[in-house]
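Trainee: whatever this is, show me its structure:
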Amino acid sequence: VEVETDPLIIAPGDEPVADVAEALLPSVVQIEVVNNGIERGVGTGVIYDSSGLIMTAEHVVQGLDEVRVRLSDGNKVAGQVIGADANNDIAVIAIEGGPYLAAPLALDAKPRPGSLAVALGSPWGLDSTVTAGIVSAVDRTIISNQVPRSMLQTDASINPGNSGGPLVDRSGRVIGINVSIYSASGANDGVGFAVPIDRAFRVSEALVAGGEFVAGFLGVRLDNPADLSAGAVVTDVTPGTAAESAGIRVGDKVLSINDVAIADRADLGAQVRAFQAGDTVELVIDRNGIVETLVIELGARPNDEG
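Mentor: This is a model prediction of the structure:
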């Protein structure tokens, strides 16, 4: 897949959100879920390849082979679900009739907390809606279905119908795919979560190629440090896994992975799942008071261990 990664040239101005919206809305689509001729729900997607490939959330198209896609000009076209990954909540839809304007993806830059974040989508079915806020946190570990995942957090208003839509930076580049909110009321409480775009794109590439995104697997069991310090303590190493090959030992405390600090065992599990089997990562560990760096090639995950 050829993907646009260069930032849009958006001149600094008094209305950066409006500038981003003007540039990106033509690439944002509304996804209509129709069963037996009856509309069952609405989500959002973003065209990321000019041939007509659309990235969205897996839960928007769950169990479907086809959907109806409403383009930014109001025209509706049939969309074929190419593939879906429930573990990362990412799916790919293909539409015909291109070329289309593809949104650029920020694959080469990591968002910073406090930076501008613009959400584009169809909350409550209201297409081409623009909301804005900031990136509230990066590498935020959230637990979903008892599985920890690493996400972007934003306070840009996200509601039902925004799922699958893009979270965009001030340069007009997609930094994440909006997938969920934390809410006590059922509507926006200013705590939304997006799959980081680098992972969303890698998942999409695997789906388009006809395969699946195989999450990385370290091969350890973990606990939190008894002294309440940050890190994840190894309590068991599974034979024949990446952890054993790299020389990880019971009692090692993992402090970081690829320069991302580890607060607790859920953090490490989330970070490992964000990588793909075969990826090489650097783990900084504390072994009996001595800090060491281990280079590890992650294996494939046979189950939901760490």
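Trainee: longest helix in this structure, by number of residues?
Mentor: Ordering each helix of the chain by length in residues (DSSP state H) puts helix 197-208 first.
Trainee: residue contacts, the residue nearest to the spatial centre of the chain?
Mentor: Nearest to the centroid of the C-alpha atoms of the chain, with distances taken as C-alpha atoms, centre = their mean, sits V195, at 1.6 Å. By C-beta atoms under 8 Å, 6 or more residues apart in numbering, the contact list for V195 reads 88-90, 151-152, 176-177, 179, 203. Heads up, the C-betas are built off the backbone N, CA and C, glycines and all.
Trainee: which residues are in contact with N162?
Mentor: N162 makes contact with 44, 119, 121-123, 129, 178, 192, according to C-beta under 8 Å, 6+ apart.
Trainee: what's in contact with the longest helix of the chain?
Mentor: Helix 197-208 is contacted by residues 1, 3, 48, 53, 55, 82-85, 88, 90-92, 105-107, 174-177, 195, 212-214, 274, 276 when judged by C-beta under 8 Å, 6+ apart.
Trainee: can you rerun that using 6 Å?
Mentor: Residues from elsewhere that reach helix 197-208, judged by C-beta atoms under 6 Å, 6 or more residues apart in numbering: 1, 55, 82-83, 85, 88, 90, 92, 105-107, 174-177, 212-213, 274.
Trainee: the strands in the stretch 101-250 of the chain, which residues?
Mentor: In the stretch 101-250 of the chain, the segments counted as strands under DSSP state E, counting those that start in this stretch are 116-121, 129-144, 147-154, 166-168, 174-181, 192-196, 216-217, 220-223, 232-237.
Trainee: just give the strands next to the third one in its sheet, each with its orientation.
Mentor: Spelled out, it's strand 147-154. strand 129-144 (antiparallel), strand 192-196 (antiparallel) (DSSP bridges).
Trainee: what angle separates the longest helix of the chain from strand 192-196?
Mentor: Counting by axes from the mean of the first three to the mean of the last three C-alpha atoms, to 10 degrees, helix 197-208 lies at 60 degrees to strand 192-196.
Trainee: return the set of buried residues in helix 197-208.
Mentor: Of the residues in helix 197-208, those buried by neighbour count under the rule 16 or more other C-beta atoms under 10 Å are 197-204, 206-207.
Trainee: mind putting these in CSV, distance to V34 and pLDDT included?
Mentor: Listed next are the buried residues of helix 197-208 as CSV, based on distance: C-beta to C-beta, whole Å; pLDDT from 0 to 100:
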residue, distance to V34, pLDDT
I197, 28, 97
D198, 32, 95
R199, 29, 96
A200, 25, 97
F201, 28, 97
R202, 30, 96
V203, 25, 97
S204, 23, 97
A206, 27, 95
L207, 22, 96
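Trainee: from these, which is closest to E282?
Mentor: Ranking those by separation from E282, with C-beta to C-beta as the measure, puts D198 on top at 17.1 Å.
Trainee: G133: how many residues sit nearby?
Mentor: Using other C-beta atoms under 10 Å as the criterion, G133 is surrounded by 18 other residues.
Trainee: what of V254?
Mentor: Neighbours of V254 using other C-beta under 10 Å come to 26.
Trainee: thought it was touching L268?
Mentor: Yes: using C-beta atoms under 6 Å, V254 and L268 qualify as a contacting pair, with a distance of 5.5 Å.
Trainee: need the residues touching each of these two.
Mentor: With contacts taken as C-beta under 6 Å, 6+ apart, the residues that reach both V254 and L268 are 232, 262.
Trainee: what's the closest non-adjacent residue to the residue nearest to the centre of the chain?
Mentor: With C-beta to C-beta, 6 or more residues apart in numbering as the measure, I177 is the residue that lies nearest to V195, at 4.7 Å, once sequence neighbours are left out.
Trainee: fine by me, thanks again.
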